[in-house]
Structure formats: C-alpha cells, structure tokens
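Novice: need a 3D model of the following:
(2 chains)
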There are 2 protein chains.
Amino acid sequence: MTDYTVEFKPHAKKVKVPQGTSLLEASHQAGITINNLCGGDGICGRCKMIIKKGEVQAEVSTKLTREEIQAGYVLACQTMVEGNIVAEIPPETFAREKTRADKDTERFQSFESHFYSTRFQPSPLVAKVYLELDQPEISNNTADHQRVCESVQRKLDLCATQMGLKIIKNLPEILREHNYKITATVGLRREVAEVIQIEGGDTAEESYMIIVDMGTTTVVAHLVDATSLRTIDAAACFNSQGIYGREVTGRMISAEKKGAEDLQKLLVGDINQLINQLAKANDVLLKDIIAVVCAGNTAMGHFLLGLPTYHIRRFPYVPASVEPPPLRAAEVGIEINPRGLLYSLPGISGWVGSDLTCGILATGMYDNPEISLLVDIGTNGEIIIGNNEWLVACSASAGPALEGASVECGMRAETGAIERVFIKDGEIRFAVIGETAQPKGLCGSGIIDLVAVLLTQKIINRSGVFINDNSDQVREIDGVPAYILVEAEESGTDDPVYMNEVDIENIINAKAAIYAAMQILVKRLDMNFNDIDHFYIAGAFGSYINIEHAITIGLLPDIPYDRIEFAGNTSIWGAKIAAMYEEAFFKVTEIRKNTTYYDLMGADDYIDEFQQAMFLPHTNIELFPVLKG
Amino acid sequence: MTDYTVEFKPHAKKVKVPQGTSLLEASHQAGITINNLCGGDGICGRCKMIIKKGEVQAEVSTKLTREEIQAGYVLACQTMVEGNIVAEIPPETFAREKTRADKDTERFQSFESHFYSTRFQPSPLVAKVYLELDQPEISNNTADHQRVCESVQRKLDLCATQMGLKIIKNLPEILREHNYKITATVGLRREVAEVIQIEGGDTAEESYMIIVDMGTTTVVAHLVDATSLRTIDAAACFNSQGIYGREVTGRMISAEKKGAEDLQKLLVGDINQLINQLAKANDVLLKDIIAVVCAGNTAMGHFLLGLPTYHIRRFPYVPASVEPPPLRAAEVGIEINPRGLLYSLPGISGWVGSDLTCGILATGMYDNPEISLLVDIGTNGEIIIGNNEWLVACSASAGPALEGASVECGMRAETGAIERVFIKDGEIRFAVIGETAQPKGLCGSGIIDLVAVLLTQKIINRSGVFINDNSDQVREIDGVPAYILVEAEESGTDDPVYMNEVDIENIINAKAAIYAAMQILVKRLDMNFNDIDHFYIAGAFGSYINIEHAITIGLLPDIPYDRIEFAGNTSIWGAKIAAMYEEAFFKVTEIRKNTTYYDLMGADDYIDEFQQAMFLPHTNIELFPVLKG
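Specialist: Numbers count the residues shown, from 1 in each chain, chains lettered A, B, ... in the order given. As a prediction, the model looks like this:
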C-alpha cells in the first residue's frame, strides 16, 4: 500500500501513514491530542479539521454545517488519507487543557477524619525512614547490608526486609560518606518489605505518593505527602485511550487486533502527564515520588500493565490477573523515582475492578452489619450489595452519557460547565461552575437535572420525546428536536447549549442499565430497595447530583433520601486509604476474595428489567410512589 | 603510553596491550587459560612461554634452565611487553583439563543417610510442581494468575506466592494451549515463594540444581536431581582468579585497583564451565537447571556478586553483605534457566564465610550438646568451636601449601597425584591416584605424609632442614636441598617429583597458622584440646589425610584418634543440605546470627603461639606426648 505524508498545521508536524488511514489516527501518530469523545464513531463531531491541500475520502456528516463543508472542514475520524495532505487543526479542536483539579480534592484533604486514622497508625505502602546507625567496631562488625536491614526492621517493626544487589553494592560507600546517617525508602511488596533506596542524610520529609483513579473516560491523580498523609493537590484529564473507543470493549477489541502496547502507552502517558503537572505545580521532584497506587476497572488495570484482555470479554470472562504484584513503576514506563513502586490494587473479576474494591473499602460497608448498596456510576455501572458477612457484585454497561460524553453539549465538570438546572419563578434556570464564567456545556449533574426538569415541566414525555411545541426553547437542530438551554450569543462557545432527543435516549439507556442491574441484584437476594440501609452513590459527579432529580428520571430508586449518601470518587478515596494504611491494603485483598460476582448476562430477566426501565422514571410507576402525585 | 600487539601461538590469538603489561596478563586478556599457581609472583614457574619475535623486558628466573633461556623461554608473569611480540605457548603451559570429579562425589551420593532426610520432608529451594487446574466456568472465573497461585499454594502448603509480570502476561495463552495442565517452577526467595516459570504439560521430572563450593584455590560443582535429591555428578577446576593472587587478599587488592568486574567474570566463568561440563556429560539441558546454590569464603561470595571487598581487609573488617538476597542467576552471568535462582548462602563475617556456616550445618555440631571443633583446612584455615548453645569462629591465613599449591611438585588430587607416602620394609614408598598412572606430583595428603616420613626417618630435623646427607635421595635442585621421591625417568612428567626446603618451610608455615589459631581459640574458651568431644576436619583433602602423620607434623593436636572425624568438603555438603531442605536453609541464617567471630589479629599472643608452632610438631614437645617416645 502507498504511504502518504500528512502535515498538521499550525504545528507543521508531519507524519507518514498508509493510504486509507484516518486523520484522527494520523494526528494521534503525530503526537497531537485533539478533542474526541466518541472514539472515532463520527458521533461527537469534536474532531473537526480543515483540509488545506491533498486528496481525502471523507464521509458527509451532519455535525458539519454547509459553510464548514465549503470551507474544507471534515471530521478527522471520518476522513481517510488518499494522497499527501496538509490539514489545519482549528483551535476548538485541540483538547482542552487537561488540568483541572477534581472537585473532590477538598473532601480528600479532610480525609484524616476517616475511621482508619482513628483506628490505625499510619503505615504508608512506601515510606522513608531516617536512620542513625551504630558505627562498626571490631565487636560489632556485621556487614553493611545486615546493619541497615536490622536497623530498618527495628524501626518499622518488620521481621524481614529485601534489598536489591545494586543497593547492596553501593552501601559501603554511602554509609561511610554520610557517617552512617541515612534515609531508607522502604516499600511493601505484599508479603515482604523491600528497601528500594538508600539516600545519605535525612531526606525523610521529601516523600510523596501519587494515587490514581483510572476511569474509562477520566483519569484522576492525587498528590499525597507520604509523611503527613495530607493530599496536596489533584488533577484530572480525559483518558487518551478514548481514541480507541468510548467504552472498554472497543479498546479491548483494538488491543486484540494491534496488541496492547499502544493502549498501555496512552494510559501511562496520561498518568505521567498528571504526575508531571502535579509535581511542577507543587515544587515536588519526581525522584521524591516513591509510589503510585492505582485503582480502576479490570480492563484499565490490564492496559496499565500490558496484560492481555482477550478472555475478559469472552465467556466465562477470565482476566489475566485480578491482583497483580507490586512492580517497579519504571517497568511500565511511569516516571517517578526510578526504583519507586507501582501498586495496581486488586479487583474482583473481569468486570468488577479495583475501583469497586476501593469503594467497598472507602464506604466501610465491609465492616457494617447493616445492608449497604454501592453503585458506581461511570461508563460502566457497578453495583455491590452486602455487609460485614457477605458481598455480591455485578456490572452493567451504561455508556458515558452520565459523565457528559456521548451527549451533544456534554462536558467534564470544569469551569463553564452547567452543573445545576432548576425551576425558579416558574422558569428553567441554571448555575455554572466558576461563577462569572459563560456557560459552555452540561456536566453530568446538569444533564440529570435538565432531563428531570424537562420531564416535570412536561416538555418531554416519559419516553423522552418532546411534546410541548409551545416552548420557544424547543427547536430542531441538525434535524433533531432539541431544548435550547443557552442561546449561541450567551454561550461561552458561540454555539447554543442544548439537549436533543438523541442525547435523551442515550441518557435513558444509561440510567436504565444501572437501574435494572440494581433491581436484579436486589431481587436475587430476596430483598427490595427498602431493605437497603445505606445507599452509596459513587462516581466522578457523585457528590453533586440532585437526589430528587435522579429519582425523577429513575436513575435511583424511590427510597428515603436520608439513606442515600454521595460518596464521591470512592475509587481514589479507597486507593488512598490502602496507600496509607497497610491494614487497609491487605483488607482490599480480603474484600476481593470474599466478594461474589454475579453475572448479569446470565440473568434471563435482565433484558426485561432493562426494557421496563427505558421510561422516565420506569414503565411501572408504582415503583416510584413519590412521583405519582 | 604505547600499545603493542601480542600474538600467541599456536592459537594465533592477538591482543593489544600497553607497554609494560606482563605476558601473563596479556594471555589472560586474549582469553587463554594457562598454568599459574603463584598468582604471578614468579615462584611456581608454570607459566613458561617462548618469545619468537619482538622485544621484552624479562626477569631472570631460577625456574628456567640455561637451555630454556637460550631457546627463548621466559616466565610469562615476569616478562613485560616492550614491542610487538609473537610468543609461543608450549603444551605443558596450558592449564590442564579442569575436569576431574571430586573424590567426595561418592560420599555425597549416599547423602540420603544424613539426619535431615530422616527428620524432614525434602523441600528443595527451587522445585517444579505439576498442576492440573480446574477449567474456568462462570461460577469459577477467577483470574488466571490467581488460579495458578492458589493451586501452587495448596499443593506446596504456602500462604503466598509472587509472580513476575512477564509470566502473568503469558499465562492466558499457556494455560489454554495446554488445557490447564502445567508445571510451575517455584523458588524460595527467602521470605516468600516465587513462581519463576510456567511450562505447559508435565516437566516436573526435568529439574536440576547445581551446588558450588567456591574455594580460593579450587571450585567444585555438584549436579543434583532436584526431584530425587540424588547427586548425579561432580566436577572441579582450579579457581581462575589465581591469576590475581593465590590468596584472597591479593585478589581484593586487585579489585580495589581495577574494579571487581574481572574477578567476578573469572569466577562466573569457572562456574559456567563446570555447569556446562556437568550438563553435557549427563544429558541435562541448561534450561532444566533451575537453581545454583553457592558457598564459599566471604571474599568469594563478594566476587561472585560483584560486591566491593574494600572494607573486608581493613579494620574492623566489615563486608558489604554476609547474607545476600537470592537473585536471578542471570543477573551475575550464570548460565542456567534464564529465570533460575542463585542462592549465595550466608556467612558469619568478613573472614568466616558460608563455607563455614555450611560446615556447621553439615556436621550437625549446632545441634549437639557435646563440644565440637571444626577446622576447615584451605588456603584460609577457619576454626569453629561450639555446641547447641554457643559457637565461636576464627580465621587464620595458611596459604595454599596444604592444597598442593606453592609447593614445587604440588598438584590437585587427580590422576597421577601421589596421595600416600609411607614406610614399607624400611623404605619410603608411595601410592598414586589411578593405580596404573605414573606419578606426576604430590597432592595435599601426600605432602603431609612426606613431611611426616622425612621427619620420622630423620631426613629432616624439627625445623624442616635436611640433616641426613647419607640418603641418595637428598640432592640440591636449583641450589635448594630437596628429597627426590621419584626420579625423572620414572615420573609422568619427565621431571623428578621432590620436596625441597622452601616447600617444607611453606608447609610448616601453613600448619603453624592453623594450629596456633586452634590453640588460641581453645585457650580463650578456658578449655584444652582434651575437652573437645568431636574434632571435625574439613577441606578438599579432608577425607584422606593420615591422622598419625598430621599429628606428627603438628597440624592436628595430639588427641585420641577416635575423636577425629574427616568430614570432607563440608562446604558443598552443607550447601547441598540447605538446597534440599528449607528448614536447613533457614538454619544457616540462624547459625550466622548466633556465631561469634573472634578476631585473631586482636589477640596479643597469636604471633607467639604461631612462632612456637613453627617446629615439627611444635616447640613444646610436651603437647604431643604420643611423639615423645
């Protein structure tokens, strides 16, 4: 096949690709990160480019206006290279700065209030310990290696420590150069502690950890001071793997075809970028970051380590590993201290990952005799029900609509995002993140609010179809009926912020998948929702959704509000607890072993329950007594 | 400095070296192994070469005859390159085939009688285990990694196992390809077991270990079947590090000047050669050798791993490590299964190594309430005294005379070596290893016998000086009085086999160093030799020396013969027990921790005791009542 050169402006970055390659793929190979939410399906319309020169084969898209088409605009994902190309990337197509701190940071800074801190002494998975050793003399001339290890063991109350040959080789010099005053960095390698580094003098203050939640859509990282256990800062970015699909299944298919290296590289690249950004912003040296602790779904865990995912998506859904060993972070390309450790926390099965075991840890439900339900609303919806005696888990594919992706005007919860929609004085009003910011789109909580408000205002019916033609705000956009929440002239993007019928269908799909999964699991346990004492909602937007609105659209069951608790990003929260308390770290393994996975695909009635939930709130309104009046 | 080319014939191997380099060093750089016992001191006269072309600066040596000098012979170690050289290496200068099996092999093949085998179940440090795993189904769909580890743990009664990322990556494929029937190779990494290899099908029968005794003068290796625990074969060679000195001190000095890499390479090269030879001779594949277990003095242990030895030979004699971690053997260049493990067993101090902890293990003295003394007669003499409650160790530099080196006609105990000298019908007679072989030289036991016989026959006096001018056999050789045991025409080398006054002086020095060390240690413990219930003699020739003769020359104290036991090469014997029984492996660490090192250099009376022992048998004949009559 012929290779052609693609030059991207304004960078003037060039790349050689075979005929038929998409411009999206080409830009990726050129190392340019552009907006793309749908994984190259031509749906999100965010990857616009302008062909300046050369021949392409482009699909016509409703995402482009006639003017745009005349000006040479194409969707990069729908445009194949057929000659040497010069393409310009307009500013709006570049991925937005991937840098805003997660709003949960504040919550995590007050993390000290969690019960672990009251029960246990802090015992970070990797810690620095300053040692002043006895100087050798003829009556005490044990070897340098044993002198250091025995001292570490005494100080940390360990019965054994491992040490690599390279460190042992340098011990004689470093000990004598620093007068036997050294700082040992000691990491827990599951069953045994390892001295991973020896520094001269006292550097114990300079020790940091990075905690990562590897979401399918969003990657979040927290920088933690390993001495004070304080969370210093947080950052988030879209998961760059999106180029291979919005959902993990698409990415697994790609890994099967092309190998897992590229997916690993993208994820590790995101993590490295977040680490770098956090380090720079907080004057922390990479060499002082001594551990990375990751949670996420099982596919993400496999991508991180380059493990094969082939059998995860095939009956009976067997992953390569649900409890990978702690590794040198450098082994997968994560750039912290070269001998720093990477902990990939244990998950339960191919479809219930360490984000959920961490959620179980963070909520404390494994320790409570009362019945809890934890639902993690992400691109996959995972549900755990149980108490201190038993735990059952299941997983349902929801799609990314509730995270603001696969919704026309969806966006992440950052400045300019509409996070609240409500009725005031009979009018539909909204609130934007960053008070003075102009509205640019809708984040997850705003999406749920808007659907609920459109329903209660009878602008849409229970099937999600527009019924009120009287509203000025309901108009067709690109041939699809839509409710315009913000007119183009008032928006921060010069485009209207709206929600159309396709968006609403995506949202109903997502909420129905999650509701049906909860329903099935409760039914299997011979319970109903009223038997649930604690209903925890986890997920990136978990802290902010309006309960009433979530019940209104049938995302949550109609149970007393006081049983519902927004638990936030329990994945990163639990990962952080595991990083800080050895007991909690081992507890995650115990949770993994003691949780039963229930396979929804084997449930005959799941499709039925799903279809019944495809209304707002549900086909059976009796399930939602609060809405009947 | 100018570089010159040296070409060695008959190989035609060429090497470029700086002006002033010795031919010995140059031959070493060219990868040619030649005879050399004295470490380049010009004493042994074994490194003869013939200068064919080019300019050298050569010391005159009494080791060369006038005819040889006229023919262009030089000693390679005493000859410096001063131009481009062509040198021929005569056949006798090439190192003899380094291949004869240690005579102890037989003993080790009946090793099963040792008490460990009656007390404990065999538990080799690295073992293969065949597993038939349950096939995954939806009700049992745990990850491949956990499925394998849990099965290994059940089978081997372990509570945890580690597994590296590379193995986890390949698990999904290998499991399904072999229908969940696999063989796991599991190695003990001190505190935790590691699955180091997964093979499809049942390969458990093919599993071997190599046990190595890294002597200063001789390296011995045994090939052991890790399933049956049977010793299959043994091989030995001279330690190639000899080029840097006969004793470890010279080698440490060289390591300080040039770095430890070369010494490591030489030792690892010897071990690899022995492994290859054993594997080839017994149809064993290198990939099926899954562990190497090494014992030796502490300097050897450091050379093996490339650890710095600088502080071992400086007060207060602190080694880098006395208990190095188990490593991948490949990490130091040992060529077995690429993931096979290297165990370098723990020693006590800089001057009492794992050869001694292994000796303590092999004799069982750590477990006996009666008092034992273990003396390991090698280039260093080490002594341990103790019982099941306490153990004290010391070390004395003896030199290699008793191993057959630094003695004119000394050689290793192989075919052609005179291993016995005795009186029959009033005549001095001898016995040779390999009944029909012609005598070529004297090995350790023959050396002790000959000195004793010369003394009792009053051919030498108690100072080791020839007194009987009547004997035909006493003649000057190269100006030094000598006793000719075999005339040139009856010898296998066409040179006479003899012992001269310098040899005797070296032997007296060696035996005095060992005797004085034993004396001091016994004295410090407020005991005398009669308080010793078990007197174990270890060392390469330990099984063969004549007790009466050893007492006669004052190497051993005059105690009842029935208390003396020849324990053979307890270093390799103990290492083998540690390799086969996990309990024994951890026992070595306990022995290391519980043995007190006594520093002879700090003993004011050591020099005095040494000088008193510089007679045959001793200045104070009262100490040897058996000899008085």
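Novice: next, count neighbours for the closest residue to A:Ala488 other than its chain neighbours.
Specialist: Of all residues not flanking A:Ala488 in the chain, A:Pro496 sits nearest, at 4.7 Å (C-beta to C-beta, 6 or more residues apart in numbering or on different chains). Heads up, the C-betas are built off the backbone N, CA and C, glycines and all. Neighbour count for A:Pro496, taken as other C-beta atoms under 10 Å in any protein chain shown: 20.
Novice: ok, the residue nearest in space to the middle of chain A - contacts?
Specialist: Nearest to the mean C-alpha position of chain A, counting by C-alpha atoms, centre = their mean, stands A:Gly215 at 2.0 Å. Shown in contact with A:Gly215 (C-beta atoms under 8 Å, 6 or more residues apart in numbering or on different chains): A:Asn239, A:Gly296, A:Met300, A:Asp355, A:Gly378, A:Thr379, A:Ala540, A:Ser571.
Novice: rerun that using 6 Å as the cut-off
Specialist: A:Gly378 (C-beta atoms under 6 Å, 6 or more residues apart in numbering or on different chains).
Novice: residue contacts, whichever residue of the stretch 301-450 of chain A sits closest to chain B?
Specialist: Going by C-beta to the nearest C-beta, chain B is nearest to A:Ser321 of the stretch 301-450 of chain A, at 3.5 Å. Neighbouring residues of A:Ser321 by C-beta under 6 Å, 6+ apart: B:Ala143, B:His145, B:Ile168.
Novice: what's the weakest-modelled helix or strand in chain A?
Specialist: Ranked by mean pLDDT, DSSP states H and E, the weakest helix or strand in chain A is helix A:105-109, scoring a mean of 44.
Novice: low-confidence ranges, the stretch 51-200 of chain A, go.
Specialist: A:94-118 (pLDDT under 70).
Novice: hmm, try it at 50
Specialist: Regions of the stretch 51-200 of chain A meeting the criterion pLDDT under 50 cover residues A:96-113.
Novice: for it, which residues are neighbours of chain B?
Specialist: The stretch 51-200 of chain A has residues A:136-138, A:141, A:143-146, A:160, A:162, A:168-169, A:172, A:191-192 near chain B, with proximity defined as C-beta under 6 Å from any C-beta of the partner chain.
Novice: farthest pair in these?
Specialist: A:Ile138 and A:Glu191 (36.4 Å; C-beta to C-beta).
Novice: so these two - more neighbours on which side?
Specialist: In this view A:Ile138 and A:Glu191 are compared by other C-beta under 10 Å, and A:Glu191 has more residues nearby, 17 against 13.
Novice: shouldn't the more buried one be in contact with B:Val192?
Specialist: Yes - shown here, A:Glu191 and B:Val192 form a contact pair, counting by C-beta atoms under 6 Å, at 4.3 Å.
Novice: any common contacting residues for the two?
Specialist: Common neighbours of A:Glu191 and B:Val192 (C-beta under 6 Å, 6+ apart) are B:Ala160.
Novice: re the thing from before, by neighbours, which of the residues of the stretch 51-200 of chain A next to chain B wins?
Specialist: A:Ala143 (30 neighbours).
Novice: care to break chain A down by domain?
Specialist: A:3-93, A:111-200, A:208-344, A:360-400+A:507-628, A:403-501 (automatic domain parsing).
Novice: circling back: now the residue of the stretch 301-450 of chain A closest to chain B: how far from A:Ile621?
Specialist: A:Ser321 sits 45 Å away from A:Ile621, going by C-beta to C-beta, to the nearest Å.
Novice: do A:Asn276 as well
Specialist: In terms of C-beta to C-beta, A:Asn276 sits 52 Å off from A:Ile621.
Novice: SS state for the residue in the stretch 51-200 of chain A positioned nearest to chain B?
Specialist: At 3.5 Å from chain B, A:His145 is the closest residue in the stretch 51-200 of chain A, using C-beta to the nearest C-beta. For A:His145, the assignment made with DSSP: H, G, I helix; E, B strand; the rest coil gives helix.
Novice: give me the nearest residue to it, chain neighbours excluded.
Specialist: Nearest one to A:His145, counting by C-beta to C-beta, 6+ apart, is B:Ser321 at 3.5 Å.
Novice: tell me the secondary structure for the one you found?
Specialist: Per three-state DSSP, B:Ser321 ends up coil.
Novice: and for stretch A:193-205, what's in contact with it?
Specialist: A:128, A:130, A:158, A:161-163, A:167, A:174, A:178, A:181-187, A:339.
Novice: mind checking which of these are in helices?
Specialist: A:Ile167, A:Ile174 (DSSP state H).
Novice: could you tell me which of the contacts of stretch A:193-205 count as buried?
Specialist: A:128, A:161-163, A:167, A:174, A:178, A:182-187, A:339 (16 or more other C-beta atoms under 10 Å in any protein chain shown).
Novice: which one of those residues sits closest to B:Phe422?
Specialist: Of the buried ones among the contacts of stretch A:193-205, the one sitting nearest to B:Phe422 (C-beta to C-beta) turns out to be A:Met163, at 53.7 Å.
Novice: now name the helix or strand holding the closest residue to the closest one other than its chain neighbours.
Specialist: Among residues not flanking A:Met163 along the chain, A:Val195 sits closest, at 4.5 Å (C-beta to C-beta, 6+ apart). Following DSSP states H and E, one finds A:Val195 within strand A:192-200.
Novice: show me how far that strand is from its chain's centre.
Specialist: 31 Å (C-alpha atoms, centre = their mean, to the nearest Å).
Novice: pull up the pairing partners for whichever helix or strand comes after it, direction included.
Specialist: Following strand A:192-200 in sequence order, the next helix or strand is strand A:208-214 (DSSP H and E). Strand A:208-214 pairs in its sheet with strand A:218-225 (antiparallel), strand A:289-296 (parallel), by DSSP bridges.
Novice: what's the least confident stretch among these?
Specialist: The weakest mean pLDDT among the strands paired with strand A:208-214 belongs to strand A:218-225, with a mean of 92.
Novice: show me the contact partners of it.
Specialist: A:102, A:209-213, A:231-237, A:239, A:270, A:274, A:278, A:540, A:572.
Novice: among those residues, which are in helices?
Specialist: Going by DSSP H, the helices hold A:Asp270, A:Leu274, A:Leu278, A:Ile572 from the contacts of strand A:218-225.
Novice: any weak-confidence spans in chain A?
Specialist: In chain A (pLDDT under 50), the answer is A:96-113.
Novice: I'd like the next helix or strand past the helix of greatest length in it.
Specialist: In chain A, with assignment by DSSP H, the single longest helix is helix A:501-524. Note on helix A:501-524: by DSSP H and E, the next helix or strand toward the C-terminus is strand A:534-538.
Novice: list the helices and strands that next one packs on?
Specialist: Where contact means 3 or more C-beta pairs under 6 Å, 6 or more residues apart in numbering or on different chains; DSSP states H and E, strand A:534-538 is packed against strand A:372-377, strand A:564-568.
Novice: tell me which of those strands is the most buried.
Specialist: strand A:372-377 (a mean of 26; mean count of other C-beta atoms under 10 Å in any protein chain shown).
Novice: which residues touch that strand?
Specialist: In contact with strand A:372-377 (C-beta under 6 Å, 6+ apart) are residues A:359, A:363, A:365, A:382-385, A:402, A:532, A:534-539.
Novice: now stretch A:137-145
Specialist: Here stretch A:137-145 has contacts from A:Ile168, A:Leu171, A:Pro172, A:Leu175, B:Pro316, B:Tyr317, B:Val318, B:Pro319, B:Ala320, B:Ser321, B:Val322, B:Asp599, using C-beta under 6 Å, 6+ apart.
Novice: how close does the second one get to A:Ile198?
Specialist: When you say that, I think you mean A:Leu171. 7 Å.
Novice: ramachandran coordinates for A:Ser61?
Specialist: Dihedral angles of A:Ser61 (phi, psi; degrees, to the nearest 10) stand at phi -130, psi 140.
Novice: count of residues packed around it?
Specialist: Close neighbours of A:Ser61, defined as other C-beta under 10 Å, add up to 19.
Novice: quick revisit: which stretch among the domains of chain A comes nearest B:Ala87?
Specialist: Closest of these to B:Ala87 is domain A:111-200, at 37.3 Å (criterion: C-beta to C-beta).
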